[in-house]
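> okay, here's the prediction I keep looking at, along with the sequence it came from:
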Protein chains: 2
Amino acid sequence: MKRGRKPTIDAADITRAAIAVADAEGLAAVSMARVAQEMGNATMALYRHVKSKDELLTLMADAAFDAPPALPDGEWRDKLGSWAKAMLDGIRKRPWFLQIPMSGPPTGPKSLAWFDSALGALEGTPLEVGEKVGVVMGLMTFVHGEAWLSVALTKGYEDNPAQFSREYGQRLREIVDPRRMPALAKIVAAGVFDMDDLFDADDVAADFDFGLHLFLEGIATHIGGRA
Amino acid sequence: MKRGRKPTIDAADITRAAIAVADAEGLAAVSMARVAQEMGNATMALYRHVKSKDELLTLMADAAFDAPPALPDGEWRDKLGSWAKAMLDGIRKRPWFLQIPMSGPPTGPKSLAWFDSALGALEGTPLEVGEKVGVVMGLMTFVHGEAWLSVALTKGYEDNPAQFSREYGQRLREIVDPRRMPALAKIVAAGVFDMDDLFDADDVAADFDFGLHLFLEGIATHIGGRA
DNA sequence: CCTTTTATGCGTATCTCATACGCAAAACCT
DNA sequence: AGGTTTTGCGTATGAGATACGCATAAAAGG
């Protein structure tokens, strides 16, 4: 048997509690004291199971996602597409995920499972192993970045639904000097940033689909040149 | 004339000083006190010119970049390619940029100038205005995300040059269960993560080029289907 | 059943930071 | 010179991370 007093909590419990706080009040509300209180423990008790707050954040980042979804049968393209959308959904459910600073390459079980899932989607393709990794990294990267944008914009929009996009178009009109920034000025003048729905959920999703389409198209072309 | 005491510093000075600190010691070292000391002022003096630390961070984010580079003559593809690389270089020069939380759509003059520059690269193409914005957003997003990865990996590598990648491959071997993650296990077994140069600057650059190539390829295909 | 060993729970104390508040100094106006 | 306005900044407050050490609980040995 193991000696010593039995632990009443473990790292997983702490992670869960921290995630609950982040879900409810954002990552900024996650302090060691707050998490401890949430669990009915003292602040310093947490440090027996977690080296530092940074470590807790890393644990949270890996636990933030569900297991990767089952991918549809069929083409690699459909698989990667639904993988990417699932990942975007995952991030959107826990927007605070994006605020956690990455400290190194992923080693958490969940992250690796997602990695594996995407690699699996490329199984039948004639890509070399290195290329597969590159493709998945690139896609991950894209989804991550797009999610960041999407969350930032949606948040700004929700804080101020009516005015947000209109004001943005307006502000751009003031700032953008047609001489210095001719291309942008043309777009602004065309009213692309004036639509009320520019930053709402549907439109952001459409933007994501478009970018995703471009990336997958690129992969397809690359594969085509290989076969 | 303007009334009152003359300001001895302005927001731009503060931003400059803050950037100097971040360049030298990372974003974590940027505190109001530290920046003030750097300028030979008192901490609270800064608050006359900057509403909060968050605002300072936003200013830093916009001032972090040089003006967008002149793009080469020729195809949109070459232009966007060199734009993307310039942006990556910009971020690599100021890695702390990635740690600054975005609070809304960009309004800073530098950010907008970069936006304009990329839009200008698409001038001759048959894309609609909305598509152009989508393409540029997507590319920005991709570069941003790839830069994040690249910085995180390079940093981990520099902290521990010799062991880093070898240990990573090793750790993956321990964690990855071939039953649960068959695709990943295959890649790990193939030794893709064991190369010493996996995470060094050159290799990361090659990864970026590959992903960029895929994305541009996708855009080309999209344009092709349009013309 | 009592002592020894070992790991946990956690109270206390310290240090770093952001920032509110208010006073004093400087520069302009009349 | 006296009034007005704006800046520079000293002091104070409160939040948050975390080092340290003691008390406690649980198992092992006698």
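Okay, I see it.

> and the host helix or strand of residue A:219, what does it pack against?
According to DSSP states H and E, residue A:219 maps onto helix A:201-226. Helix A:201-226 is packed against helix A:76-93, helix A:129-159, helix B:129-159, helix B:201-226, with contacts defined by 3 or more Cβ pairs under 8 Å, 6 or more residues apart in numbering or on different chains; DSSP states H and E. In this view, the C-beta of every residue, glycine as well, is placed from N, C-alpha and C.

> which residues does the closest residue to residue A:149 other than its chain neighbours contact?
Using Cβ to Cβ, 6 or more residues apart in numbering or on different chains and skipping residues adjacent in sequence, the residue nearest residue A:149 is residue B:141, 5.7 Å away. By Cβ atoms under 8 Å, 6 or more residues apart in numbering or on different chains, the contact set of residue B:141 is A:142, A:145, A:146, A:148, A:149, A:211.

> hmm, try it at 7 Å
Counting by Cβ atoms under 7 Å, 6 or more residues apart in numbering or on different chains, residue B:141 makes contact with A:142, A:145, A:146, A:149, A:211.

> got the confidence number for it?
Among the per-residue scores, residue B:141 shows a pLDDT of 87.

> please apply the same query to residue A:136.
For residue A:136, the predicted pLDDT is 96.

> so how far is residue A:26 from the residue lying closest to it once chain neighbours are set aside?
Excluding its sequence neighbours, the residue lying closest to residue A:136 (Cβ to Cβ, 6+ apart) is residue A:118, at 4.4 Å. Remark: distance between residue A:118 and residue A:26 (Cβ to Cβ, to the nearest Å) = 29 Å.

> re earlier: tell me how many other residues crowd the residue nearest to residue A:136.
26 (other Cβ atoms under 10 Å in any protein chain shown).

> helix or strand for it, which one?
Using DSSP H and E, residue A:118 sits within helix A:109-121.

> list the helices and strands that helix packs on?
Counting contacts by 3 or more Cβ pairs under 7 Å, 6 or more residues apart in numbering or on different chains; DSSP states H and E, helix A:109-121 packs against helix A:53-63, helix A:76-93, helix A:129-159, helix B:182-189.

> nearest to residue B:62, out of the ones you listed?
helix A:129-159 (14.8 Å; Cβ to Cβ).

> contacting residues around the closest residue to residue A:208 other than its chain neighbours?
Distances taken as Cβ to Cβ, 6+ apart put residue A:146 closest to residue A:208, at 5.3 Å, once the chain neighbours are dropped. Residues near residue A:146 by Cβ under 7 Å, 6+ apart: A:208, A:211, B:141.

> show the pLDDT at residue A:146.
Note on residue A:146: pLDDT of 86.

> on that earlier part again, need the contacts of residue B:141 in a markdown table (columns: distance to residue B:112).
Compiled in a markdown table, the contacts of residue B:141 are given as follows (distance: Cβ to Cβ, whole Å):
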| residue | distance to residue B:112 |
| --- | --- |
| A:142 | 23 |
| A:145 | 19 |
| A:146 | 20 |
| A:149 | 15 |
| A:211 | 20 |
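
> what's the most distant pair in these?
Using Cβ to Cβ, the contacts of residue B:141 reach their maximum pairwise distance at A:142 and A:149, which is 10.7 Å.

> which positions in stretch A:72-80 come out as buried?
A:76, A:77, A:79, A:80 (16 or more other Cβ atoms under 10 Å in any protein chain shown).

> surely the second one meets residue A:216?
Translated: residue A:77. Yes. With contact defined as Cβ atoms under 7 Å, residue A:77 counts as touching residue A:216 (5.6 Å).

> point me to the residue of chain A nearest DNA strand C.
As assessed by Cβ to the nearest atom of the strand, DNA strand C sits closest to residue A:4 within chain A, at 2.2 Å.
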